[in-house]
Each structure stands twice: as structure tokens, then as C-alpha cells.
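Colleague: Sequence first, then the predicted structure, then my questions.
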Amino acid sequence: MEYRSASIRHMFRIFRVTACLAVMGIAATALAPVHAATLRWANDADARSMDPYFGIETFLASFLSNIYEPLVRRKPDLQLEPCLAVEWKQTSDTTWVFKLRPNVKFHDGSSFSAEDVVFSYERATGPGSAIKPFFSAVKSVKKIDDLTVEFETKGPDPILPDELSSWLIMSKRWATEKGALTATGVNGGDENFSTRNANGTGPFVLVKREPEVQTVLKPFGGWWDTPTHNLTSVVFSKIAAPGTRIAALIAGDVDLVTSVPTQAVETLKRSSGVKVMQTPELRTILLGFDHQRDELPGSNVKGRNPLKDRRVREAIYRAIDINGIRSAIMKGLSSPTNMLVAEGIRGFDAKLNKRPPSSPDEAKKLLAEAGYPNGFQMTMDCPNDRYVNDEAICQAVTNMLARVGVRVDLKARDGNHFFEKVFAPKYDTSFFLLGWTPSSYDIQSVYERLLHTRQTGARGIYNLGNYSNPELDKLIDQIAVELNAERRRDIVNNATRIIQTDVAVIPLHQQVLVWAARQNVTLTQMPDNYMILRSVNVR
């Protein structure tokens, strides 16, 4: 759905600026924005549901975290701080006790209590919920009194509070009265009241919801915390077309864009009244393989799956010129990586972050040793609107692989259809691009969810290629329960070495997070790509 301007005059202005950007490639001078405490915010994608348990996508979680709140939240430096819980402690190896904040109200005026926490746990681990992996280590949650809850874990869990920082608490009474006892969403075709409505304890209240078009929020006067923003309303619009999105900002029709194309950065820097904000993002972009099927669909190699051979996977790794991608496609706005987590995530080790050099000749040699001197054919699944330059990266990879004889049929889809395919129960994909930020900000959840042999529960839940290594599984299981920080670090590093040696996946880079705003907007840009409205001011 394209952007709807507030007036015909603005529509013509957007058209002129878009034409200037697209045809002449020069910056336009914007008119001065209207001084008001309304934030007009645009992004290339919408939050797919107002249900906080509908999905685990970053933008969805970020948007809803302004309406709903967790027990513990992240400060700008990503350290934990109290939110709906004022304190927490581990009373035994398998028990955590959380003291809840008193006098907290939901947006409908009802009081927050331990019953809401217990209900939210049951809902988050029940049918339809996409956030079940947050609770992989939790055995039970029970109310001790109105302002105290106890979490019992299946074994020692060193990162439980970190996992809970992304878990948003819902109202038991509201969900019961509105028939929203389970998580559903628009894409599933089975909506309930929570799909388009919300009732949290957070700093902003949902006022209007038009999926894929516009969502309006206003401040919650009964919020327990002290506001540092000056907003009277937030008008969020999905503007899918990059040129239209950037033109709207330059023209002064929106105040903030949180999805800036790399090719627009220099234009924005030359534009009057606009500022560009950049920070390294924690998300890692990676390539994954089908490790399980005996034959790849659509391949010219019958009765075999070349990707099951480590030499083939290494050949693909060595064929990729990551510095070329950084220069030509990312315009320098990425950090090549050999790890599945960024610096700032617990478990990152700079000594293990050195990529093997790109070498098409070495790639051809490895393919010949594996029995594919003439290469082979396969398909690749890629989103075209989910990550920065995602389709362009996939196209570059296919071109690089073609030079060593691996012919790739690229299937690029919008994010909704891409995730429906690769996350389907059969995980039907041969070769794919994915981005991942661990919700716990700890490497454990990356390894546990993406690379552990698939089991019932969280382990291997997003292992799209069905990778399986019993030695790695054992180490991941140890990481999950090791309380000694030094021993845990050694186990993590051993697991990392196995993943890298086996070329289980191919890490590409961490993208630089680029936002742009009018000069009269001040905000905090978080490296996890969360938009924290409680810190925004429009002067």
C-alpha cells in the first residue's frame, strides 16, 4: 500500500522530489516542518499484528514494546534494568523470584498483578505463540502473592532475565473478556481481538489500526514511569517504495524514517533540514544450507545433495567476495563477520571473527575434490524487503557462485511469503539468506535455535537446514546450564570452532543501522534496531 499524503499539494511535492532523486540523483531542499509534538514515522514494513506473541521479528517486537512492557527492559547500553519487575534474584540453581512493581495500570485502567504474569506465560507457551523458545528452560511459573512470581527452570539457567527482556506482558482480564486467549495473526487467517487491538502497561496507547497503511498511538497518562518525550501522538505509516519514503522525509511530510536505503544516504546528508543517524546493528546476516535431504529439488544432480559435503559448503564460502558486497552493495555500511553474533552480544570473540579469504580458484578446487568439477544447480530463497539490500545481496551471491560453476535459481519474495515458505513445518529450502539477532543478547539462543538438532521445544526450532552434529548439540546443552562464566566462555568458543570448521552456515555481515529524521527530532538509536518512543522529542 503506497503512502497517502495529507494533501494534494504534498503529493505533488513528493512526486517532484522522487523524480529528482530517481532521475537527477541530487538532493532537494525541504520546506521547514511544522513544529508540533506529533511524530510522523515511516518504515518500509508494518508490524504484522498487534498481538505480542504473534511473531519474533525485530520490527514487530520493537513496535509493540511501546505499547506492552516486559518484566525487565534494556537501557540504551543494552544492560538490563527494572520494568514491570523491580527486582529479581536466583534463590537456587533452578529458581528465580521476581518482585513486581506496585500500582501499575493497564491502558484500560485495570491493575497489573502476578496473575497477569502467570497468564502471559501460559499464553506465550500455548497454541499459536511464536515466542515459545523464550521459555525453553522454564518448567513452571507460579504466583507467590499479588506482587511476587516464581520461575522454576528445568535446570540451571544463567540467562533467564535476559530471555525475559523481550517478553511483553498482557492483561489476563482483557484477554479473557475480549476472547484473545491464544495468539493469532492476520497471516494465519484466524484473527482475534488482539490482532488489531492492544492493552498494555506501556507509555503509548493504540488509538487507530489500519494494517499495512497507518497506525496511531497516543501517550498513556497513567504510565507508571516518568516520560522523557514530548509527544502528543505518533502517526506510523508503511511506505514500501524507497524513493517515496525518502522523498516524504525530505519534503517534510514525515519526521522519521527507520529504514533508509544505503543508496539514499549521501543524498540525505546533502538535504536541508535532515540528519542521518548510523550505528552498528547487532543483527547478523547469514546464508544457510539444506543438510538433510538426499536430493535437492530443482537440482541437476540426481540422487545426491551436494550441500551435505563440507567441501562444497566451504567452496561456496570461499566463492563469496564479502568485501565486494560491502563496497558495491552495502556502500561500506556493513561489517563482514565470521561469527553468528556481533560485538556486544555475549559470546562474541574477536579472535574467532576472522573470515577465510575469498578465492574462486580454491572454491573450484574444493568442488572438484567433492566430485563436482562442473559445479551443480540449486535454488535459493531470499526475502526482498526484510533486510538491508537483501535481494541485491542474494543476486550478488548467485553471480559469484556462477563464476565457480554453481548455478543458482534465485527465488526472491516479500518477507511475509519468504517466512511462510522457509518456516513451514517441512522447512522447504535448499539455500537461503536469513538475519538473526538473539532476543537474549547471548550466543546461546543463536546456537540453540538455529543449529541444534531439531527437537520438540526450542532446540533447533529455526534450524531451517536440518543441520545436525551430536558433538555440537552436547556443547550447546552444556552452555545452557553452565553458571560459571569462564567455563561457559570456553564451551561457547569450542562450539563456535565446530560451527566454523564444519561450515554449518555462512555468516556474511552485520549491517549498519541507518535512520534519518528531521533536524527537530531527537531520539535514542538502539543497536538492536528498537524504536524507543519514550525517548523521542519533536521540537
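Modeller: Noted; the coordinates are in hand.
Colleague: after the lengthiest helix in the chain comes which helix or strand?
Modeller: Using DSSP state H to define each element, the chain has its longest helix at helix 485-502. As assigned by DSSP states H and E, the chain's next helix or strand after helix 485-502 is strand 505-518.
Colleague: Counting by contacts, list what that following strand packs against.
Modeller: helix 242-250, strand 256-257, strand 274-289, helix 310-319, strand 334-336 (3 or more C-beta pairs under 8 Å, 6 or more residues apart in numbering; DSSP states H and E). Yep, even glycine has a C-beta here, placed from its N, CA and C like the rest.
Colleague: leaving aside the residues next to it on the chain, what's closest to Leu352?
Modeller: In space, Leu352 comes closest to Thr496 once its chain neighbours are excluded; the distance is 5.2 Å by C-beta to C-beta, 6 or more residues apart in numbering.
Colleague: May I have the beta-bridge partners of the nearest residue to Thr95 once chain neighbours are set aside?
Modeller: Once flanking residues are discounted, Thr95 sits nearest to Glu152: 5.8 Å by C-beta to C-beta, 6+ apart. Bridge pairing for Glu152 (DSSP bridges) gives the partners Thr95, Ser140.
Colleague: wait, isn't Glu152 in contact with Ser140?
Modeller: Yes. Contact criterion C-beta atoms under 8 Å: Glu152 and Ser140 qualify, at 4.8 Å.
Colleague: sorry, back to before: quick one: which of the helices and strands packed on strand 505-518 is nearest Gly200?
Modeller: strand 256-257 (21.7 Å; C-beta to C-beta).
Colleague: Spit out the contact partners of the nearest residue to Glu369 once chain neighbours are set aside.
Modeller: Computed as C-beta to C-beta, 6+ apart, the closest residue to Glu369 that is not its neighbour in sequence is Arg311, at 5.6 Å. When contacts are counted by C-beta atoms under 8 Å, 6 or more residues apart in numbering, Arg311 touches 366-367, 369-370.
Colleague: Quick check: pLDDT value at Arg311.
Modeller: For Arg311, the model assigns a pLDDT of 98.
Colleague: gap between it and Lys365?
Modeller: Between Arg311 and Lys365 the distance is 9 Å, computed by C-beta to C-beta, to the nearest Å.
Colleague: quick one: buried residues of stretch 511-520?
Modeller: Within stretch 511-520, the residues scored as buried using 16 or more other C-beta atoms under 10 Å are 511-518, 520.
Colleague: Of all pairs in those, which one is the farthest apart?
Modeller: Gln511 and Asn520 (27.3 Å).
Colleague: thought Ala264 was touching Thr244?
Modeller: No. Using C-beta under 8 Å, Ala264 is not in contact with Thr244; the gap is 11.5 Å.
Colleague: The two: who's more crowded?
Modeller: The neighbour comparison of Ala264 against Thr244 (other C-beta atoms under 10 Å) goes to Ala264, with 24 against 19.
Colleague: you'd agree the more buried one is in a helix?
Modeller: Yes. Ala264 forms part of a helix when assessed by DSSP: H, G, I helix; E, B strand; the rest coil.
Colleague: What values do phi and psi take at the residue nearest in space to the middle of the chain?
Modeller: Centroid-nearest residue in the chain, with C-alpha atoms, centre = their mean: Thr58, separated by 3.2 Å. Here is the backbone geometry of Thr58 (degrees, to the nearest 10): phi -60, psi -50.
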